[in-house]
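S.K.: 3D model of this:
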Amino acid sequence: MLTFSIAFIFLILGFLFYSKFVEKVVGIDTERKTPAYTQNDGVDYMPMPTWKVFLIQFLNIAGTGPIFGAILGVLYGPAAYLWIILGCVFGGAVHDYLSGMMSVRSKGQGIAEIVGDQLGGVARQFMRAFTLILMIFVGAVFVTSPAGLLANLIGNGEGSFFTSQTFWSILIFVYYILATLLPIDKLIGRIYPLFGAALLIMALGLLYGIFAKGGSMPEISDAFQNHNPDPKAPSLFPGLFITIACGAVSGFHATQSPMMARCMMNEKYGRPVFYGAMITEGLVALIWAAATIKFADSLSVVGATPYEKLLNALTDNGAHDANPAVLVNMICQTWLGKVGAVLAVLGVVAAPITSGDTAFRSGRLIVADFMHYKQNKIYKRLLLAVPLFVVAFILMQVDFSVLWQYFGWTNQTLSVFTFWGATVWLARNRRNFYITLVPALFMTTVCTTYILLAPIGFKLDYTLSCTGGCVVAIALLVLFIWWRRREVMSK
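M.R.: I've put the predicted structure just below:
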């Protein structure tokens, strides 16, 4: 309990102090007009109230990530707490703030164009393809998962067509089409604040349960070892840093921040909107990690440790793959009663849907950016959106577990490019680039090691994979130092 309490306070202090330092490094100009005014098109660019922009940003980046990721990540032990607080304060929140503010300074451009401006033409073309692929992955994943959950919750996976996964997939797709094409204030701007508030209320209910309910919780003294009892799980490094993404560092967020950069009314709101939303997500992830392991310890299931009990609860004693949605439902109904049951549906169904729709919207905007194709007319938006939906529909036929693994690595790899792009941007503007350089090096090592090691990658030896990750990170550091010296000498 002490470790959780300290971690919770650390996240709040991170926002109160470190975010101000990061804001000072970037240097805001409260007199400069934002893209919401200079590029206003009544569709994607328009001023919106700051409270609404914050809640939309929070729900855009949250989805089920801080819930499902935290549940699976806490199997590794208290190291999950450390990654959430350190990754969020010094990594993820900085990542989201820089990607948002760089977009504000570049007329609301998407992350592919922003990184391309800093890292060059080859990086620009790669980022265009890479981010578009990620958006389609997210859209496909977040049709399949909520549709399956709705089918099980309402029809127990059986019954008529109107309670089937196919029906719910169609319904969700129709919503995605509307959310992608309509002006941002017509649908997203109206329902997101409600869903965002529900997600926060659920987290507050669980926070109460953490202190009021029975069960033991791990402390920091056990943090530096792998507690995961699943023999198929990746090793602590780099597995933990891929498993917990949205609660710590997530490249997907860099595709979402520019959407709110197009609606933010003043640069001074960047800190609460971008940095603040990420800290809020970190708090949600921390709460879910702590609540999960405490709840698991109270379960009457097989297991000598809370981690073994949690794994058996997630897999029904090894009968199937881990399903965090089952545990979400159990915790909410046990700790929060009937209200919890409603909040559980919102948490595991509405949350992924609200990430899927903005993924498709972001995908449309990515294409519009590099084609310089205005989106002020509905038929223009249709021309870019329809191909995205077609590709996503095809991907939905792929096995979900395989799709999720590729999504996880692609998501974190995007953060690597964002961190390096932000590092170059800060260096060019003669600002403290170490705030992004350090996390850039760390995430480069994580993502390279994972793809060298993982079954979806090269399946190399663990030591060789870790060595390869370090070599790539050092090589990029040397390249950056060389570029930096050349920049200084040219001036």
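S.K.: gap between Phe211 and Pro455?
M.R.: Going from Phe211 to Pro455 by CB to CB, to the nearest Å gives 40 Å. From N, CA and C alone the C-beta is placed, and that goes for glycine too.
S.K.: what sits up against stretch 412-424?
M.R.: Applying CB atoms under 8 Å, 6 or more residues apart in numbering, the external contacts of stretch 412-424 come out as 95, 98-99, 102, 111, 114-115, 118-119, 123, 126-127, 130-131, 134, 241-242, 245, 249-255, 433, 436-437, 439-440, 443-444, 446-447, 450-451, 476, 480, 483.
S.K.: Which among those count as buried?
M.R.: By neighbour count, with 16 or more other CB atoms under 10 Å, those hold 95, 98-99, 102, 111, 114-115, 118-119, 123, 126-127, 130-131, 134, 241-242, 245, 249-255, 433, 436-437, 439-440, 443-444, 446-447, 450-451, 476, 480 as buried.
S.K.: got the end-to-end distance for stretch 417-437?
M.R.: 11 Å (CA to CA, to the nearest Å).
S.K.: To clarify, my last question referred to stretch 227-242.
M.R.: Distance between the two ends of stretch 227-242: 16 Å, counting by CA to CA.
S.K.: when you give positions from now on, start the count at 53
M.R.: All set: I'll call the first residue 53, so the last point we hit is now stretch 279-294.
S.K.: mind listing what's buried in it?
M.R.: For stretch 279-294, a neighbour-count test (16+ other CB under 10 Å) marks 279-282, 285-294 as buried.
S.K.: contacting residues around that stretch?
M.R.: Under CB under 8 Å, 6+ apart, the answer for stretch 279-294 is 125, 127-129, 131-132, 135, 139, 270, 277-278, 295, 300-301, 355, 357, 359-360, 363, 374, 460-461, 464, 495, 497-499, 501-502, 505-506, 514, 518, 521.
S.K.: In helices, which of those fall?
M.R.: Secondary structure assignment by DSSP state H places 125, 131-132, 135, 139, 295, 359-360, 363, 460-461, 464, 495, 497-499, 501-502, 505, 514, 518, 521 of the contacts of stretch 279-294 in helices.
S.K.: Buried among those residues? Make that a PyMOL selection.
M.R.: Typed into PyMOL, the next command selects the buried ones out of those (criterion: 16+ other CB under 10 Å):
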select buried, resi 125+131+132+135+139+295+359+360+363+460+461+464+495+497+498+499+501+502+505+518+521
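S.K.: all helices for the stretch 403-543 of the chain, in order.
M.R.: Along the stretch 403-543 of the chain, counting by DSSP state H, counting those that start in this stretch, helices occupy 403-423, 430-447, 452-480, 486-505, 514-542.
S.K.: Give me the below-cutoff pLDDT ranges for the stretch 303-452 of the chain.
M.R.: 399, 450-452 (pLDDT under 70).
S.K.: what angle separates the longest helix along the chain from helix 430-447?
M.R.: Counting by DSSP H, the longest helix found in the chain is helix 173-207. Calculated by axes from the mean of the first three to the mean of the last three CA atoms, to 10 degrees, helix 173-207 forms an angle of 70 degrees with helix 430-447.
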